[in-house]
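> Build the 3D model from these lines:
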Amino acid sequence: MSKQRRNQKHSAVNIEPGIYEIDSGTAEIKPDPFTPGAWLLLLNGVQSSQIIPDEPQRLGFEYMRWIAIALGFRYPQDANLRFLHLGGAAATLARWGADRYPHSRHTTVELDAKLTELARNNFGLPRAPIIKMRVAEAGQVLAETRPDSWDVIIRDVFIGTTRGDHITPGHLTGLEAAEQAASAVGPKGAYLLNYGGSPNLQPARQEAAALAQAFKYVTLISDATMFKGRRRGNIVMVGTQTPLANPDLGGMDAFSAALRAEPLPAQAKCGVATTNFIAGTPPSLTPLLLRQEYP
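Numbering: from 1, shown residues only. A predicted model of the protein is given here:
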């Protein structure tokens, strides 16, 4: 694709360091001190996204690379995929997906209208229909999805708390949310969620338990230290109705080898290993739609 044609399909790159007012507080853009040419987006002081406009497949955050590896071993590059991204921010994974899968279409969902506007107008994102940006609440959008309407749903939603932590809203973590996602992606799709939390893995076990009731296969991706509950970090959880890794693309052995080759070596738990991780923990039964918010 020529540079001129590419620019016609992308919004302008107008990244300027600084602090910007958004609906939920402040967004700060600053250079990434460890990656030349990259920018960091911080939301209320917490790192949210890395932005590398000219290299969409270069992902700095570990959990994003794990998601990319998982999808890369499930779908061939020429697949026609419909992505729903619950959690918009800088739309880094949408940008990655649009480049990795040229025939794909993406919809991001972000509650913060000013943050969505900041990303759309400044980060050089592909234009609609390649990436559509919707201002809405993720749980409500998920609740309204029709069966088999998406191939991939990625949940990466966090809110601040009074303790300064960022957690996923409870109504997106329960059994009802997992079952709705399973219906939305159908028998061939994939539901990927970014779990982030403290060394207390009880909430992670609840999330995995919810997926295990909605999907036939649940794959958990993280590093050994996180799985042992020794640090705060991320676990990528993937629900599918068929084995995650496509045998024609290398299968589970190649997938596991790719995770081990990461700068921070990761591992995948599936089957009995996932069952052992859940350890009999029941899923949360928090309803997907909070009735007091959406009467």
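> so where's the stretch 151-295 of the chain uncertain?
Low-confidence segments of the stretch 151-295 of the chain (pLDDT under 70): 161-165, 290-295.
> ok, now with 80
Applying pLDDT under 80 to the stretch 151-295 of the chain flags residues 160-166, 290-295.
> my read: R105 touches I130, true?
Yes: judged on C-beta atoms under 8 Å, R105 makes contact with I130 at a distance of 6.4 Å. C-beta here means a position set from N, CA and C on the backbone, and glycine is covered the same way.
> Settle it for me: which of the two has more neighbours?
Higher neighbour count among R105 and I130: R105, with 21 against 18, using other C-beta atoms under 10 Å.
> distance of that one from I131?
Computed as C-beta to C-beta, to the nearest Å, the R105 to I131 distance reads 8 Å.
> Could you do A273 as well?
35 Å.
> Please enumerate the helices of the stretch 51-200 of the chain.
Assigned by DSSP state H, counting those that start in this stretch, the stretch 51-200 of the chain shows helices spanning 62-72, 92-100, 113-122, 138-143, 175-185.
> Can you lay out those helices as TSV showing distance to E16 and mean neighbour count?
Shown next, in TSV, are these (distance: least, C-beta to C-beta, whole Å; neighbours: other C-beta atoms under 10 Å):
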stretch	distance to E16	mean neighbour count
helix 62-72	24	22
helix 92-100	18	24
helix 113-122	8	19
helix 138-143	28	21
helix 175-185	37	23
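> So which of the ones you listed is nearest K30?
Nearest of the helices of the stretch 51-200 of the chain to K30, taken as C-beta to C-beta: helix 113-122 at 13.6 Å.
> Run the chain-centre distance for that closest one.
On the basis of C-alpha atoms, centre = their mean, to the nearest Å, helix 113-122 sits 18 Å off its chain's mean C-alpha point.
> report the angle between the axes of the lengthiest helix in the chain and helix 175-185?
Secondary structure of the chain read by DSSP state H shows that its longest helix is helix 202-214. If you take axes from the mean of the first three to the mean of the last three C-alpha atoms, to 10 degrees, helix 202-214 sits at 50 degrees to helix 175-185.
> buried ones in helix 202-214?
203-212, 214 (16 or more other C-beta atoms under 10 Å).
> And for stretch 75-93?
In terms of neighbour count (16+ other C-beta under 10 Å), stretch 75-93 has its buried residues at 75, 81-93.
> which one of those residues is nearest N14?
A90 (13.4 Å).
> for L244, what are its contacts?
Taking C-beta atoms under 8 Å, 6 or more residues apart in numbering, we find L244 in contact with 70, 73-74, 190, 217, 219, 238, 252, 255, 270.
> Excluding chain neighbours, what is closest to it?
Nearest in space to L244, with sequence neighbours left out and distances taken as C-beta to C-beta, 6 or more residues apart in numbering, is T219 at 4.7 Å.
> before we move on, what about D54?
Nearest in space to D54, with sequence neighbours left out and distances taken as C-beta to C-beta, 6+ apart, is G37 at 7.1 Å.
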